[in-house]
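Q: with the sequence up front, the predicted model follows.
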Amino acid sequence: LLLGPAPGTEKPPFERQNFGGGLGGYIIKDRLFWHLGGERTRQNGQQFTNVPNFDGFTQNFPVPLRETNVGGRLDFNVTQNLRTFYRFNHNDNTGVTGFGLTDLAAFANANFTNWHVVGADYNTARWTHSLRYSYLNFNNAIVNANSLAGTPATLDPAGNPILLEITTGQLIVGPDAVAPQTTFQDNQQVKYHASATTGNHTFRFGTSYNHIVANGFASFFGNAPRIRSAFNAASVAAAAANGGARNPLNFPLTSIRLGNGLGFASEKAAHNLPFGGFFNDRIGLYAQDSWKIKRNFTLNLGLRYVFDSNIANNDLARTPKLAEFSQDLAGKIDRPADLFAPQAGFAWDIFSDGKTVIRGGAGIFYDSNIINNALFDRTLSLPPGLGNDTPSLSVVTPILTNPATGGCLFDVTQYNSAPGNCSGG
C-alpha cells in the first residue's frame, strides 16, 4: 500500500500559517470589561493518489484549508452579587477532502457558524442562580472541489460532467457523488440552574429548553451521473482491443447510476426554503440533593426528566411497505413522554484524610437522536417528488421507472430519446 511518493522523489510542499491576536480592557473600572480576539489559519497541504493500472493519475494534489475564528465578550458587574455577560463567536472554514489513492473525486466542506450567549449569575450566602440564553446559527455545504484540488473535473471528451468508476477500487474520477449537500440549523436555548445550602444538604435544580429548526438538502449524484466498468480479465481484454487497457474510457460499460436532482428531507418549509424543514423542542428538568450524612460520607440523589417533541418523525405515519415486514412497524413512531431518569451516587473518604476516596454511582440516562437520522428517514415515508433517488441501470435492471406511476421512462437496452417510449430506438 503506497501512502506517499516513491523513495527518492522530491518531497511535496506543505505550508501552514496561523496568525491572530486578542485585546481587552475595562470601560468602567471594576464594573464593565471587554475582550476581542481572532485567529486565521491558512494551510496548503498535499494528497497523494496511486493508480497503478491507468496512466496519468498517480501524483500529488493540493488540499487547501482556510479557517477564521473571531470572538468577543462583555462582562458587567451590576452589583456585588449580580454579574452579567454577553459573548459572540464566529467560525468559518473550508477544507478540501474526500479523495486519495485511487479516488480522485474531491469535495469540500464549507462551514459558517455564528453564536451569541447572554447570561446572568446572582449569588447570596445560601443561594446561587444562573441564567443563560444562546442562539446558534450553523450553515454547511458540501460542494464539488475538483477545481480546488486540481483533480480532473471529467474524463468525457466533450467536457460533460461524468463520474467514472472502475471497480473494484481501481479508479474513481469526476464530480463526487456526495455533492451537493446543504444543512442549515438554528438553535435557541434557555437554561436556568440554582442551588441552595441548608444544614448538611446542598440542593440543586434547573431546567433547559432548546428550540431547533433545521433544513437539509442532499442531492447525491446531483452533479453528474456515474458510469461504472469492471476490472477483470474480460474487460481488460476488451479495452485492449479498443484502444488500450491503460485508458479507462476504453473499458466496457457495466452500469449507469443517476441522481434525480432532488434532495429535500421533508415536506415542511424552513429557512426560506419551501421544503426540507425539521423542528424539535427539547426540554430538560432536574433536581438533586447532595447529602453529607457523615463528615467522610456524602450521598447524592437526583432525578432528571427529558422530552423531545420530534425525536424520530413521530408526527408522520411510516410508509405502509414497512408493515408488510412487521405490523409493529405500521403507523406512527411512539414518542415517549415518561423519560424519568433517577440517579444515585456516593463519595466515601475511608480514613477521613482526603487521601483515599471511593466513589460510585448508577443511574438511567437518555440520549437524543441525531437530526440527520430523522432527516434521511423522513423522505422514505413521503410521496415521490421531494426526496433524492439514485436508480442504477444495467443489463440486470435496465428500466428506469416513474416513481409516481411505476411506468417505464426508458429502457437502456432499447434506447429511445423520448421519455416513456421504452421500445425501439
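A: Cool, the structure landed.

Q: now do the helices in this protein.
A: Counting by DSSP state H, the chain has helices at residues 146-149, 233-240, 371-378.

Q: and stretch 55-73, what's buried?
A: By neighbour count on 16 or more other C-beta atoms under 10 Å, the buried set for stretch 55-73 is 57-65, 67-73. Glycine gets a C-beta too; all of them are placed from N, C-alpha and C.

Q: pull the CA atoms of it into PDB?
A: Coordinates of each C-alpha in stretch 55-73 appear next as PDB, following Å, rounded to 0.1, in the frame of the first residue of the first chain:
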ATOM      1  CA  ASP A  55      -1.700   6.400 -16.900                       C
ATOM      2  CA  GLY A  56      -1.600   9.900 -15.700                       C
ATOM      3  CA  PHE A  57      -3.400   9.700 -12.400                       C
ATOM      4  CA  THR A  58      -0.600   8.900  -9.900                       C
ATOM      5  CA  GLN A  59       0.600  12.300  -8.500                       C
ATOM      6  CA  ASN A  60       0.100  14.700  -5.600                       C
ATOM      7  CA  PHE A  61      -2.700  17.300  -5.500                       C
ATOM      8  CA  PRO A  62      -3.200  20.300  -3.200                       C
ATOM      9  CA  VAL A  63      -5.700  20.200  -0.300                       C
ATOM     10  CA  PRO A  64      -6.200  23.800   0.900                       C
ATOM     11  CA  LEU A  65      -7.700  24.600   4.200                       C
ATOM     12  CA  ARG A  66      -8.900  28.000   5.300                       C
ATOM     13  CA  GLU A  67     -10.400  28.800   8.800                       C
ATOM     14  CA  THR A  68     -11.300  32.000  10.700                       C
ATOM     15  CA  ASN A  69     -12.300  32.300  14.300                       C
ATOM     16  CA  VAL A  70     -13.500  35.600  15.800                       C
ATOM     17  CA  GLY A  71     -14.900  36.200  19.300                       C
ATOM     18  CA  GLY A  72     -15.800  39.000  21.600                       C
ATOM     19  CA  ARG A  73     -17.100  39.400  25.200                       C
END
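
Q: what's the burial count for Asp328?
A: By other C-beta atoms under 10 Å, 8 other residues sit near Asp328.

Q: where does pLDDT dip in the stretch 1-150 of the chain?
A: Counting by pLDDT under 70, the stretch 1-150 of the chain has low-confidence residues at 1-10.

Q: pLDDT at the residue nearest in space to the middle of the chain, what is it?
A: In the chain, the centroid-proximal residue (C-alpha atoms, centre = their mean) is Asn372; its distance is 7.1 Å. In the prediction, the pLDDT value recorded for Asn372 is 83.

Q: excluding its backbone neighbours, what's nearest it?
A: Leaving aside its sequence neighbours, Asn372 sits nearest to Gly216 (C-beta to C-beta, 6 or more residues apart in numbering; 7.3 Å).

Q: same question for Phe205.
A: Of all residues not flanking Phe205 in the chain, Ala287 sits nearest, at 4.3 Å (C-beta to C-beta, 6+ apart).
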